[in-house]
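Trainee: Okay, sequence plus prediction incoming.
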Amino acid sequence: MPRFSTYQPAGVIPAVLLPFNDDLSIDHASFKTHLTDVASVEGISAITVNAHSTEVASCTADEQRQVMEIAGDTVGDRLPIIHGVYAEGSIEAAAIARRAAAGGASALLVFPPGPFTLGQSAEMVLAHFRRIADATDLPLIAFQYPRSTGQGYPLPTLLRLGDEIPTLRAIKDWTPEVPQHEVTIRSLQGMSRPINVLSTNSPWLLSSLVLGCNGLLSGSGSLIAELQVRLFRAVKANDLAEARRINDRIHPLARAFYADPFVDMHNRMKEALVLLGKLSRAVVRPPLVKISEAEIKRIREALVEAGMLSGASETRAA
Ligand SMILES: N[C@@H](CC=O)C(=O)O
C-alpha cells in the first residue's frame, strides 16, 4: 500500500534540488536539510524527486532509489512523494515505476521517451503509458513537453490517454504556447473524468494559473514554494491584486532562473540556495558546469528584488 494512497495530483508541488559533494557524489545531509526546508512550507500538496530538478539524467538507477529512500525517510510521513519516470524506452520506464512504488512513492511523473524527438504516434504514446500503468497502480502525471521538441503530445493523444489510462490523473504542462495551454486546460479538466493540468510554466506562472490550472509543479518551488502557495491561493480566490503583488516578487527570480540556456535553471537555483545560506556549495553534475560570477551576481540581485535577501548583506530577510 503506497503512502497517501488516495493522493490526487493538484495544488502546489515543488520539485526539489539534489545537492552534490565536490566529488559529485550525493550530499545526503544537505539533501535531507533541503527536503525538510521545502516540506515545511504550509500549503504544498506533495514534493517531486527524480526529475529535472534533481538532475535525474545524471543519476544511476541506484542513486534514484537512494533519492527516493532519503525523501521517504525525511518527509514521507508528512507529504506524498512524486517520483519521476525518466527513461528512453518503455521497458525501463516500467521498471522505474515498479521500483518507485516499492520505494514508497505516491505518484509518478512520466517523462516522454527520448525517441519521440524523432516522431511519435498516438499508439506509441498509449503503449508507453499502458506499460507503466500495468506495472503499478500509482496515479500518473504525464509530463507534456513543448510540441516543438517533438516530445509533446497532440491534444487528441492526451484525450485518449485520459480515456484509456484510468490511472492518468494529471499532466504537467510545459507548453510555451498560450492558446494551446488554454485549450489543453479546458479540454482535460473538462473531461467526464477530469485530468488536472499542473502548470510548469514557471517563467510566466501568474498568466498560466489565471487560465485555470488546478495546480503547479515547479523546480523553483525548491526556493519559493511559499510564494507559489500564496500565488495559487490568490488566483483561486480571484484576488488579482494580491496575485499581482506576489507575482512582482516572483518575476525577478523567474527571469534570473529561467534565462537562456534554460538547462541551467536548477543550477541557478542551487546558487540561490547558497546565497540564502541554505546550502554550502552549488555543485552540478556534468554536462552542466558552474555558472559565471556575473550570473551569480544577477541571481543575488533577483533575490534582493524579491525581498528574500537584504541588499546590504547576505542575510535572509524576514
Ligand atoms: N519547468 C520546470 C522544469 C522542468 O521540469 C521548473 O519549473 O523548474
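Mentor: The structure has been received and is ready for your questions.
Trainee: Would you mind listing what in the stretch 51-200 of the chain touches the ligand?
Mentor: 51, 52, 53, 174, 200 (C-beta under 6 Å from any ligand atom). Bear in mind the C-beta positions are built from the backbone N, C-alpha and C, glycine included.
Trainee: which one of the residues you listed sits closest to residue 15?
Mentor: residue 53 (4.0 Å; C-beta to C-beta).
Trainee: Can you verify my assumption that that closest one contacts residue 34?
Mentor: No. Judged on C-beta atoms under 8 Å, residue 53 makes no contact with residue 34 at a distance of 10.7 Å.
Trainee: how many other residues sit next to the residue of the stretch 101-250 of the chain found nearest the ligand?
Mentor: Closest approach between the stretch 101-250 of the chain and the ligand, counting by C-beta to the nearest ligand atom: residue 219, at 2.5 Å. Residues within reach of residue 219, counting by other C-beta atoms under 10 Å, total 23.
Trainee: Next: residue 239.
Mentor: Neighbours around residue 239, by other C-beta under 10 Å: 13.
Trainee: next one: residue 3
Mentor: 15.
Trainee: That one touches residue 81, doesn't it?
Mentor: Yes. Assessed by C-beta under 8 Å, residue 3 is found in contact with residue 81 at 7.5 Å.
Trainee: Quick check: neighbours shared by these two?
Mentor: In terms of C-beta atoms under 8 Å, 6 or more residues apart in numbering, residue 3 and residue 81 are both contacted by the residues 72, 104, 106.
Trainee: Point out the ones among the residues you listed that are inside helices.
Mentor: residue 72 (DSSP state H).
Trainee: Kindly indicate the member of the shared contacts of residue 3 and residue 81 with the most neighbours.
Mentor: residue 106 (23 neighbours).
Trainee: ok, for residue 50, nearest residue in space, not its chain neighbours?
Mentor: residue 84 (3.9 Å; C-beta to C-beta, 6 or more residues apart in numbering).
Trainee: Kindly state the pLDDT recorded for residue 311?
Mentor: On the pLDDT scale, residue 311 is placed at 82.
Trainee: wouldn't it be in contact with residue 302 here?
Mentor: No. Under the criterion of C-beta under 8 Å, residue 311 makes no contact with residue 302, lying 11.8 Å away.
Trainee: Who has more neighbours out of those two?
Mentor: The neighbour comparison of residue 311 against residue 302 (other C-beta under 10 Å) goes to residue 302, with 21 against 10.
Trainee: ok, now how distant is that one from residue 97?
Mentor: According to C-beta to C-beta, to the nearest Å, residue 302 stands 37 Å off from residue 97.
Trainee: One more: residue 4?
Mentor: Relative to residue 97, and taking C-beta to C-beta, residue 4 is found at 17 Å.
Trainee: what kind of secondary structure is the residue nearest to residue 50 in?
Mentor: Following DSSP: H, G, I helix; E, B strand; the rest coil, we place residue 84 in the strand state.
Trainee: again with residue 288
Mentor: coil.
Trainee: which residues does the residue in the stretch 1-150 of the chain that the ligand sits nearest to contact?
Mentor: Relative to the ligand, the nearest point of the stretch 1-150 of the chain is residue 52 (3.8 Å; C-beta to the nearest ligand atom). For residue 52, the contact set (C-beta under 8 Å, 6+ apart) comprises 15, 84, 219, 265, 266.
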